[in-house]
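> give me the fold of what follows.
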Amino acid sequence: MARTSSLETHPLVTEPDGARSQQSTATVARASAGAARPALDRRLLASGLLGVGALVALVVGWFQVSATNDIYAQLPYFFSIGGTALALMLGAVALFVDYEHSCDRQGIALLLERLERVEELVGSQDRTTPPATGGSR
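Next up is the predicted model:
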């Protein structure tokens, strides 16, 4: 006995099963064939560069601090390089969060469009089906 998913028997699906399976097969084939990837967002690129810059600053600061034995001589390196690395890392995190927020907003907009489409389909189906009668009294 073959199991059918709820999407195959859903009343709002108007495509025949063959067309839907051919479409999903084509989509998977395009995805696996290495379809064109979206361009790298400038915020994501800048975030990565700032993160790498922060790591480089920390490594440079580490070598500068480890070259001196006196704490009073290490403090300028600690504050200048540490502050620079902290500022770079905060900038990287801020840009990354901004990018993720933008992606979330786009996803929410797409979901809202799909929900509006479902509401339209449900509304049109409600108008075309006769109301159920509760029986005679």
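
> give me the number of residues near Leu55?
14 (other CB atoms under 10 Å). In this view, the C-beta of every residue, glycine as well, is placed from N, C-alpha and C.

> what strand or helix carries it?
helix 42-66 (DSSP states H and E).

> tell me what that helix is packed against?
helix 71-128 (3 or more CB pairs under 8 Å, 6 or more residues apart in numbering; DSSP states H and E).

> and the helix it packs on, what other elements does it pack with?
helix 42-66.

> contacts for the helix it packs on, please.
74, 77-78, 80-82, 84-86, 88-89, 91-93, 95-96, 98-99, 102 (CB atoms under 8 Å, 6 or more residues apart in numbering).

> swap in 7 Å and give it another go.
The list of residues contacting helix 42-66 from outside it, by CB atoms under 7 Å, 6 or more residues apart in numbering, reads 74, 77-78, 81-82, 84-85, 88-89, 91-92, 95-96, 98-99.

> out of those, which end up buried?
74, 77, 81, 84-85, 88-89, 91-92, 95-96, 99 (16 or more other CB atoms under 10 Å).
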